[in-house]
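Novice: generate a structure from the sequence data that follows.
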Amino acid sequence: MIEGNDSLNESLKYVKVYNWARTLILSGVLKTGEKMLSEHMLEKKFGVSRQTVRNALDRLEEEKLIKRVRGSGTFISYVEEGAEKDSPHIGLIMSYFADYMFPEIYEGIESVMKEKGIVIDVAVTKNKLNDETMYLERFLNSNVSGLIVEGTRSSFPNPNEKLYSELEKRNIPIIFIHNHYSNLRSSSVEMADEKCSYELTRILIDNGHKKIGGIFKYDDMQGIERYKGFMKCMSERGLHIDDDCIKWYSTKDFDYQFSRKSLSGFLRKTGECTALIMYNDEIAEKFVEFANDKGIRIPEDLSLVSFDNIRLSENVKLKFTSAIHPKFELGKRAARNLIRMMESGNRDQNYSYRFPVSISSGNSVRDIS
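Specialist: As a prediction, the model looks like this:
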């Protein structure tokens, strides 16, 4: 019998669904009264059974975080304790939360703020500048003690410069995560995206790959930095970058750029490529699913490297060679640095930090040298 292993796997899957929902509810991303994803949608989202989803929902309901209404669905029912209203607050602005990333980053921030009795007020812009403006105005008028911000469309100069200046005048410290704006003086906590990309590209080249393409995001700084690292390594090794082998996308055109029609066109252009570098593991997973349908095997036919080191699917055979994103530690570092800024009052000191390059070895690269 393998019942023990099956039970363990189901338990791990149930915890994954439970932790995801709990974090989004407690952080305020999913707000009281909002409707929860249906059981069917959660099954599809996490690739788990109906029973696994129900186990997660049962626990959430026991903790009074959700309420099931027969015939209507499941609703968020969490109510914050009144005592928190008198506690100091910080604002956390996320441009968009990747389901696989946000919970651990938030937990890192919360682990530090909880010790100080500081409440976190979360806002999600969905990468829309108008929403960032709205939330900055809200935080300006809500007595926040500081802000942690993931920039919106961070590869472009930010039009909310006056609002950020007003926050600075009111002595409200700000620290950015993942990126920062070129037209603002700011401290930030980030991955060393360019260096990570350089190292991933070096790994491909050292394994004999010379014709290398990639998929990059152009509306955030991470995408630009990752392209720069790729470009720099290729140039230093005397290798040519073919424009046709580079696919650029943004939040707005995501659905089109990853449609079967668009990916088919990209695949035709990259026919001579033996390897691709992906913007992140989510994109890599999408591409692998498409490639498999086309009969392309990873890494036998095409090698892949990526960023974030996240296992999204239940595919245990394929593990990407990927730059490790320090999710929990990044949140923790950003929170600690913000508290230092709040306590020192010194806005001229730079509190930036770049995590050192760390690569997780996988089996997604074939040695063709």
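
Novice: for the stretch 1-150 of the chain, what are the low-confidence residue spans?
Specialist: Applying pLDDT under 70 to the stretch 1-150 of the chain picks out residues 1-12, 80-86, 98-99.

Novice: strands of that one, start to end?
Specialist: 66-69, 73-76, 89-94, 119-124, 147-149 (DSSP state E, counting those that start in this stretch).

Novice: residues making contact with the second one?
Specialist: With contact meaning Cβ atoms under 8 Å, 6 or more residues apart in numbering, strand 73-76 is reached by 25, 30-36, 38, 57, 65-69. (Glycine included, C-beta is placed from N, CA and C.)

Novice: 6 Å instead?
Specialist: Contacts of strand 73-76 with the rest of the structure, by Cβ atoms under 6 Å, 6 or more residues apart in numbering, involve 25, 30, 32, 34, 35, 36, 66, 67, 68.

Novice: okay, the strands of the stretch 1-150 of the chain, which one's buried deepest?
Specialist: Greatest average neighbour count among these goes to strand 147-149 (a mean of 26), per mean count of other Cβ atoms under 10 Å.

Novice: that one pairs with which strands, and in what direction?
Specialist: As defined by DSSP bridges, the strand partners of strand 147-149 come to strand 89-94 (parallel), strand 174-177 (parallel).

Novice: for the stretch 151-300 of the chain, what spans make up the strands?
Specialist: So, for the stretch 151-300 of the chain - with DSSP E, counting those that start in this stretch - the strands run 174-177, 187-191, 212-217, 246-249, 275-278.

Novice: just those strands: most buried one?
Specialist: Ranked by mean neighbour count, these are led by strand 275-278 with a mean of 27 (mean count of other Cβ under 10 Å).

Novice: partner strands of that one, parallel or antiparallel?
Specialist: Paired neighbours of strand 275-278 in the sheet (DSSP bridges): strand 212-217 (parallel), strand 303-308 (parallel).

Novice: how about stretch 343-354: buried residues?
Specialist: residue 351 (16 or more other Cβ atoms under 10 Å).

Novice: just to revisit the earlier point, please produce a markdown table containing the strands of the stretch 1-150 of the chain, extended by distance to residue 286.
Specialist: Formatted as a markdown table, the strands of the stretch 1-150 of the chain follow (distance: least, Cβ to Cβ, whole Å):
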| stretch | distance to residue 286 |
| --- | --- |
| strand 66-69 | 29 |
| strand 73-76 | 28 |
| strand 89-94 | 21 |
| strand 119-124 | 22 |
| strand 147-149 | 28 |
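
Novice: ok so, going back, which one of the contacts of strand 73-76 is nearest residue 339?
Specialist: For the contacts of strand 73-76, the closest approach to residue 339 (Cβ to Cβ) belongs to residue 25, at 24.9 Å.

Novice: now do the contacts for the closest one.
Specialist: Shown in contact with residue 25 (Cβ under 6 Å, 6+ apart): 65, 76, 78.

Novice: roughly how far does the last one sit from residue 65?
Specialist: From residue 78 across to residue 65, the span is 5 Å (Cβ to Cβ, to the nearest Å).

Novice: any chance of the strands of the stretch 151-300 of the chain in TSV, plus mean pLDDT and distance to residue 325?
Specialist: Formatted as TSV, the strands of the stretch 151-300 of the chain follow (pLDDT from 0 to 100; distance: least, Cβ to Cβ, whole Å):
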stretch	mean pLDDT	distance to residue 325
strand 174-177	97	11
strand 187-191	97	6
strand 212-217	98	15
strand 246-249	98	19
strand 275-278	98	13
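
Novice: could you export the ones you listed to TSV, including columns for distance to residue 292?
Specialist: Output for the strands of the stretch 151-300 of the chain, formatted as TSV (distance: least, Cβ to Cβ, whole Å):
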stretch	distance to residue 292
strand 174-177	34
strand 187-191	29
strand 212-217	17
strand 246-249	18
strand 275-278	14
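
Novice: wait, which of the ones you listed is closest to residue 163?
Specialist: Among the strands of the stretch 151-300 of the chain, the nearest to residue 163 by Cβ to Cβ is strand 174-177 (10.5 Å).

Novice: can you give me every residue that contacts the nearest residue to residue 180 once chain neighbours are set aside?
Specialist: Spatially, and ignoring its direct neighbours in sequence, residue 180 is nearest to residue 188 (4.1 Å; Cβ to Cβ, 6 or more residues apart in numbering). Neighbouring residues of residue 188 by Cβ under 6 Å, 6+ apart: 176, 180, 352.
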